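>>> All I have is the shape, not the residue letters:
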């Protein structure tokens, strides 16, 4: 993460010059002025491009085949959840934190930043190291630097007002469960699945408290999807069935997270949140694909081998032409179409969204 540190210090210096030169004047123009994004590859908009040693990258074809500027580091054929939420709010897509020297700083600081990084998890594990990705705890640390700049340059009252209206989106948890249940996992020998899930929930609760202390008041949170049904897991079964064990613990984590969010709201009653049961939504897609326009619920669109799940989506991989018919883009990640349905559910409300919809959260 040496590059990240260099970017951070340059970032501070550039902002100091900009503000001291009166180049920028703050003016809120939206009920939701900004969105700050934390998470893994489901929300990464390109941070991993700037970590030279990271193996978790997607800034090459066929990724981004439906994105206006092509492959950007999003693990999708097009837009991901972060982009689609921003669209609903009439905000620009949040820029990756590690890219900020290349973009408009005024928009970066006040319309949102994405700290999400492919490969990251709630808990630190063997897969989640500084040379591979930005851990969730490090993402919050980076955000705290942005918070300090806002307070210093806008004043505490204006910064507090800005952040209280902003959305804080968190999309994470899948990699933790993969790390625990993968073959020959060293994590599994040291802790039971239940205790591991409990640790995930406890750590998420602490993250929420940290963000609350740094001005966050409106949260957009997702549970983990039906991990056992992704192509990478199905192809391990002779019948191409879902991995029931992984799905069981995914549901367990989601139950714990939902309870933790209720407890958090009770303790900090000036906060509000919208939670999407991603697992339930994916299960619905699989059980009633025609309702959502899907004709392929098992295979990835981009990859190779059975279910196109034997390799990631690389330039030599095959990819489908009917991407909107597929739930999965590659052997791990959803298509833009799937993500767009998630966000429509989130925004408009559905049986999988509690306690309020994203549109209701925005209006508060």
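Noted; the coordinates are in hand. Note that the structure is predicted; figures quoted are calculated from it, not measured.

>>> residues contacting residue 168?
Applying Cβ atoms under 8 Å, 6 or more residues apart in numbering to residue 168 gives the contacts 35-36, 38, 211, 216, 218-220. Heads up, the C-betas are built off the backbone N, CA and C, glycines and all.

>>> Which residue ranges of the chain form helices?
2-20, 81-88, 105-111, 136-154, 156-165, 174-181, 193-213, 231-234, 244-267, 278-287, 289-292, 336-348, 358-363 (DSSP state H).

>>> wait, residue 243 sits on residue 236?
Yes: the pair residue 243 and residue 236 passes the contact test of Cβ atoms under 8 Å, sitting 7.1 Å apart.

>>> Just want to know which of these two has more residues nearby.
Counted by other Cβ atoms under 10 Å, residue 243 and residue 236 do not tie: residue 243 has more neighbours, with 20 against 13.

>>> how close does the residue lying closest to that one once chain neighbours are set aside sit to residue 241?
Closest residue in space to residue 243, ignoring its immediate chain neighbours: residue 228 at 3.3 Å, by Cβ to Cβ, 6 or more residues apart in numbering. Distance from residue 228 to residue 241, counting by Cβ to Cβ, to the nearest Å: 9 Å.

>>> swap in residue 177?
Using Cβ to Cβ, we find residue 177 at a distance of 18 Å from residue 241.

>>> repeat for residue 287
For residue 287, the distance to residue 241 equals 14 Å [Cβ to Cβ].

>>> Pull the contacting residues for residue 242.
Contacts for residue 242 were tallied using Cβ under 8 Å, 6+ apart; they are 226, 228-229, 233-234.

>>> how about a cut-off of 6 Å?
Applying Cβ atoms under 6 Å, 6 or more residues apart in numbering, we find residue 242 in contact with 228-229.

>>> Just the pLDDT at it, thanks.
We note a pLDDT of 98 for residue 242 in this prediction.

>>> likewise residue 179?
86.

>>> Burial check on it, number of neighbours?
Residue 179: 21 neighbours (other Cβ under 10 Å).

>>> now it: how far from residue 247?
Distance from residue 179 to residue 247, by Cβ to Cβ: 16 Å.

>>> ditto for residue 156
Residue 156 is 46 Å from residue 247, by Cβ to Cβ.

>>> what about these two, which has more around it?
Neighbour count, other Cβ under 10 Å: between residue 156 and residue 247, residue 247 has more, with 21 against 11.

>>> And that one, how close does it get to residue 282?
On the measure of Cβ to Cβ, residue 247 and residue 282 end up 10 Å apart.

>>> where do the contact lists of those two overlap?
Residues touching both residue 247 and residue 282 by Cβ under 6 Å, 6+ apart: residue 226.

>>> Next up, phi/psi of the spatially closest residue to residue 131 that is not a sequence neighbour, please.
The shortest distance from residue 131 to any non-neighbouring residue, by Cβ to Cβ, 6+ apart, is to residue 53 (4.3 Å). Backbone torsions of residue 53, given as degrees, to the nearest 10, read phi -90, psi 0.

>>> Now for residue 53, how many residues are close by?
The burial count for residue 53: 11, using other Cβ under 10 Å.

>>> Please verify my assumption that it contacts residue 133.
No: with contact defined as Cβ atoms under 6 Å, residue 53 does not count as touching residue 133 (10.1 Å).

>>> need the contact list for the residue lying closest to residue 347 once chain neighbours are set aside.
Distances taken as Cβ to Cβ, 6+ apart put residue 358 closest to residue 347, at 4.4 Å, once the chain neighbours are dropped. For residue 358, the contact set (Cβ under 6 Å, 6+ apart) comprises 274, 346-347.
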